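[1] any chance you can model this:
(one chain, ligands or ions: 1)
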Amino acid sequence: MKKQTLNKQILLTGGGTAGHVMVNLALIPLLKEAGYHIDYIGSYDGIEKDLISPIEGVTYHAISTGKYRRYRSIENIKDPFKVLNGIRQSVQLIHKLKPTIIFSKGGFVSVPVLIAAKLTRTPAVIHESDLTPGLANKIAMPFAKKILVTFEETLKYVDEKKAAFIGAVVRPELFEGSKQQACQLLDFNPNEPILLVMGGSTGAKHLNEFIRSQLEVLTKKYQVIHLTGRGLMDESITHPRYRQFDYVKAELNDLLTSADVIVSRAGANAIFEFLALKKPMLLIPLPKRVSRGDQVLNAQVFEQAGFAKVLDEDELSATTFFETLTQIEQETPEIKARMAKRDAKDAIHHVLETIRAHEKHESS
Ligand SMILES: CC(=O)N[C@H]1[C@@H](OP(=O)(O)OP(=O)(O)OC[C@H]2O[C@@H](n3ccc(=O)[nH]c3=O)[C@H](O)[C@@H]2O)O[C@H](CO)[C@@H](O)[C@@H]1O
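    Sure thing, here's the model as predicted:
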């Protein structure tokens with residue numbers, strides 16, 4: 001009798017910002033270990049291409065995608081056609097690759113893939129890291145088999161029969177950072193305080209400009225690491241106590257570990273990483289007027305839990321900024337004690353178990 005082997009073929013998707021790729025990055029090593037063939041659908045030029053395509057053992061497929069903009073633009077008329085083309089390409093890829101399951105981390109690139117999943121009756125599991133679901137995940141929810149969420153509060157926004165609260169997925173390598181290595185790389189003194197600024201994977205122009213305007217005062221007390229976002233570095237600034245990077249990959253764990261305090265936007269992945277590494281944080285969320293307001297809600301939950309202090313971007317001034325930083329310094333032992341009590345869930349294994357529970361069982 002011919003021996004039957006289980007065909008484990010997974011199709012991953014998600015992108016647009018790094019936040020929509022991180023869970024996939026954490027998942028890929030586990031999937032490889034479990035013997036999956038891994039394909040990834042992303043856009044032609046998004047950050048997911050840069051982060052995923054170099055990974056050995058993962059085949060990256062680029063498709064045409066559209067995006068929803070909150071402002072009037074000619075692109076809003078062209079984009080539905082791009083999405084239609086992306087659906088056609090995804091259906092073709094699904095027919096060719098025959099995945100037993102699709103896992104989506106959200107972002108606009110995932111919309112055509114998930115519509116194609118529905119058309120081809122391929123089971124899909126989705127993950128939402130923000131407190132309120134993003135548009136792509138909202139579109140996918142009715143036909144997803146399971147919706148995994150990072151915030152417990154998200155359960156009230158999704159179909160409770162399908163949803164599971166799993167906590168934050170944090171890449172394991174982030175726990176392996178070394179302050180000493182960071183200080184060597186940066187030529188910083190390990191005995192003096194370090195403040196890290198992160199504007200989110202796509203950067204935050206307003207936050208970047210504000211930090212630069214306060215550098216003289218800030219660097220008197222802190223050595224400053226500034227992650228500006230792609231293409232947003234200001235090469236004209238050279239200061240012995242200031243280092244800027246547009247986007248860091250492998251060294252991120254050292255840089256985060258070295259920080260005594262973090263000033264950041266409130267992207268879901270980043271703030272849970274700071275929490276996992278027990279870093280007190282001052283959050284300046286992306287305002288609701290330029291987004292769907294997800295970061296404002298993420299930040300509120302962290303403030304209520306006593307993990308973060310939050311400043312509205314419209315209230316940001318030298319006075320409010322330095323007053324809030326001083327409060328954080330004074331309360332650091334209590335903040336860290338609250339963070340230490342936080343139950344660290346093994347979220348990434350929950351993702352893998354859910355995938356296994358919902359995939360089609362086909363033999364080859
Ligand atoms: C503008 C926008 O739409 N932002 C959204 C996007 O944010 P964005 O992708 O910016 O934010 P997240 O905090 O979720 O993720 C950023 C990720 O990039 C990593 N990182 C960052 C800088 C760097 O130099 N190197 C690096 O590896 C961080 O460690 C983190 O894992 O997705 C998040 C999760 O859905 C949302 O909460 C944000 O509102």
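[2] helices along the chain, start to end?
    Along the chain, the stretches classed as helices by DSSP state H are 22-33, 47-52, 75-97, 110-119, 135-140, 179-186, 205-213, 215-221, 252-258, 268-276, 294-304, 318-341, 347-358.
[3] which of those sits closest to the ligand?
    The ligand sits nearest to helix 268-276 of all the helices of the chain, at 3.1 Å, using Cβ to the nearest ligand atom. C-beta here means a position set from N, CA and C on the backbone, and glycine is covered the same way.
[4] state the number of residues packed around whichever residue of the stretch 1-150 of the chain sits closest to the ligand.
    Proximity to the ligand, evaluated over the stretch 1-150 of the chain using Cβ to the nearest ligand atom, is greatest for Gly19 at 2.5 Å. Other residues near Gly19 number 24, with proximity taken as other Cβ atoms under 10 Å.
[5] for it, give me its contacts.
    Gly19 sits next to 107, 129, 200-201, 267-270 when contact means Cβ atoms under 8 Å, 6 or more residues apart in numbering.
[6] verify the stated contact: Gln9 with Tyr36.
    Yes. Using Cβ atoms under 8 Å, Gln9 is in contact with Tyr36, at 7.0 Å.
[7] state the distance from Leu311 to Tyr222.
    For Leu311, the distance to Tyr222 (Cβ to Cβ, to the nearest Å) stands at 17 Å.
[8] ok, those two, which is more surrounded?
    Tyr222 (22 against 19).
[9] next, count neighbours for the residue in the stretch 101-250 of the chain positioned nearest to the ligand.
    Across the stretch 101-250 of the chain, no residue is closer to the ligand than Gly200, which sits at 3.0 Å (Cβ to the nearest ligand atom). Using other Cβ under 10 Å, Gly200 has 21 other residues around it.
[10] the spatially closest residue to it that is not a sequence neighbour: neighbour count?
    Once flanking residues are discounted, Gly200 sits nearest to Arg265: 4.2 Å by Cβ to Cβ, 6 or more residues apart in numbering. Arg265: 25 surrounding residues under other Cβ under 10 Å.
[11] how about the one 3 residues further on?
    When neighbours are counted by other Cβ under 10 Å, Ala268 registers 23.
[12] quick one: residues contacting it.
    For Ala268, the contact set (Cβ under 8 Å, 6+ apart) comprises 19, 129-131, 150-151, 168, 294, 298.
[13] now distance to Val248 too, for these, in a markdown table please.
    Converted to a markdown table, these look like this (distance: Cβ to Cβ, whole Å):
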| residue | distance to Val248 |
| --- | --- |
| Gly19 | 15 |
| Ser129 | 20 |
| Asp130 | 23 |
| Leu131 | 26 |
| Thr150 | 23 |
| Phe151 | 26 |
| Ala168 | 20 |
| Asp294 | 24 |
| Asn298 | 22 |
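[14] top of these by neighbour count?
    Sorting the contacts of Ala268 by how many neighbours each has (other Cβ under 10 Å) puts Asn298 first, at 30 neighbours.
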